[in-house]
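Visitor: Output the structure for:
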Amino acid sequence: MSRRGKLQIYRDPDALAQGLADLFITTGRIALGDRGAFAVALSGGNTPRAAYELLAQEPRRNELSWSDVFIYFGDERCVPPTDEQSNYRMAQKAFLDAVGIPPANVHRIRGEIDPEKAANEYASIIRTDLGDPPRFDLVLLGLGPDGHTASLFPGTPPDTDDGALVRAVYAQSQAMWRVTVTPMVLNAAHAVAFAVEGADKAAVLCAVYEGPRDPTKYPAQIVEPSSGQLTWLVDDLAAGMLREKAH
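Guide: Next up is the predicted model:
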């Protein structure tokens, strides 16, 4: 196992989505058994969307007590919740509406208000609900072609404002504001899972997973849970440049 977590390789994106959905269920059952509640921070993107859609279908939709599941978000674009770019909207359509989770259990980042205010507000929510630092049962993450994860982008030390728990970030490449949890939150989690697919991610996955540590260049490298499990779920194409290909 790499110092950067356990590697699981899947033959294609469909198998990866199934693996991610099953990890969600398994981690949820452990949390419910241990603590009576399951607090998960979702990510956006096409890979998790496919997994979320599986959670909305039989048999998985009946494998968790959704009234005891509490949904949060690792980051959000500063757009209204009805916007096509909203991570909340994607999750809502993919599975939240279908599984019968109580609306009060879903805590979205308010992307429609001032970014700094939204960040401060969300920090207060997760601190109140989950402690300081907040400890999620599961954090889901993706990996951008530039090495970013959540909304922690290259060029700035990713632990900037770590103690604030949540910060507003201006993404130059997208010319938009985003709100993200900080590495302090990511690394306090019981479990963190990256989902990475496609040949266009092969080079950056190799750099992040096996290359020298430089989190300012590759912010995803800052994710090293202090006492939790880190898992990388990747498909064959994304794993194409890795030296370590242990299933």
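Visitor: Relative to residue 200, how far out is residue 7?
Guide: 19 Å (CB to CB, to the nearest Å). Every C-beta, even on glycine, is put in place using the N, C-alpha and C of the backbone.
Visitor: more neighbours, those two?
Guide: A count of neighbours by other CB atoms under 10 Å puts residue 7 above the other of residue 7 and residue 200, at 21 against 10.
Visitor: sec struct for that one, please.
Guide: When classified by DSSP: H, G, I helix; E, B strand; the rest coil, residue 7 comes out as strand.
Visitor: how close does it get to residue 219?
Guide: 19 Å.
Visitor: Might you list the low-confidence residue ranges for the chain?
Guide: Where the chain drops to pLDDT under 70, the residues are 1-3, 245-247.
Visitor: roughly how far out does the top helix by length along it sit from the chain middle?
Guide: Secondary structure assigned by DSSP state H gives helix 13-35 as the longest helix of the chain. Chain-centre distance of helix 13-35: 13 Å, with CA atoms, centre = their mean, to the nearest Å.
Visitor: Toward the C-terminus, what is the element adjacent to that helix?
Guide: Next helix or strand after helix 13-35 toward the C-terminus (DSSP states H and E): strand 38-42.
Visitor: Return the alpha-carbon coordinates of the next helix or strand along the chain from that following strand using CSV.
Guide: On the C-terminal side of strand 38-42, the closest following helix or strand by DSSP H and E is helix 46-55. This file holds the C-alpha atoms of helix 46-55, laid out as CSV (Å, rounded to 0.1, in the frame of the first residue of the first chain):
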residue,chain,number,x,y,z
ASN,A,46,-19.6,12.4,-13.4
THR,A,47,-18.0,9.5,-11.6
PRO,A,48,-19.8,10.1,-8.3
ARG,A,49,-23.0,10.9,-10.2
ALA,A,50,-23.1,7.4,-11.6
ALA,A,51,-22.6,5.9,-8.1
TYR,A,52,-25.3,8.2,-6.6
GLU,A,53,-27.7,6.9,-9.3
LEU,A,54,-27.0,3.4,-8.2
LEU,A,55,-27.8,4.3,-4.6
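Visitor: Return the residues in contact with residue 78.
Guide: By CB atoms under 8 Å, 6 or more residues apart in numbering, residue 78 lies in contact with 111-112, 115, 118, 168, 176-179.
Visitor: Same question for residue 19.
Guide: By CB under 8 Å, 6+ apart, the residues touching residue 19 are 8, 10, 233.
Visitor: out of those, which one sits closest to residue 210?
Guide: residue 8 (15.6 Å; CB to CB).
Visitor: Return the residues in contact with the closest one.
Guide: Contacts of residue 8 by CB under 8 Å, 6+ apart are 19, 231-234, 247.
Visitor: which residues does it bridge with?
Guide: Beta-bridge partners recorded for residue 8 (DSSP bridges): residue 233.
Visitor: just use 13 as the starting number from now, easier for me
Guide: Understood, numbering begins at 13; the last thing we discussed is residue 20.
Visitor: measure it to residue 55 for me?
Guide: On the measure of CB to CB, residue 20 and residue 55 end up 17 Å apart.
Visitor: ditto for residue 243
Guide: 14 Å.
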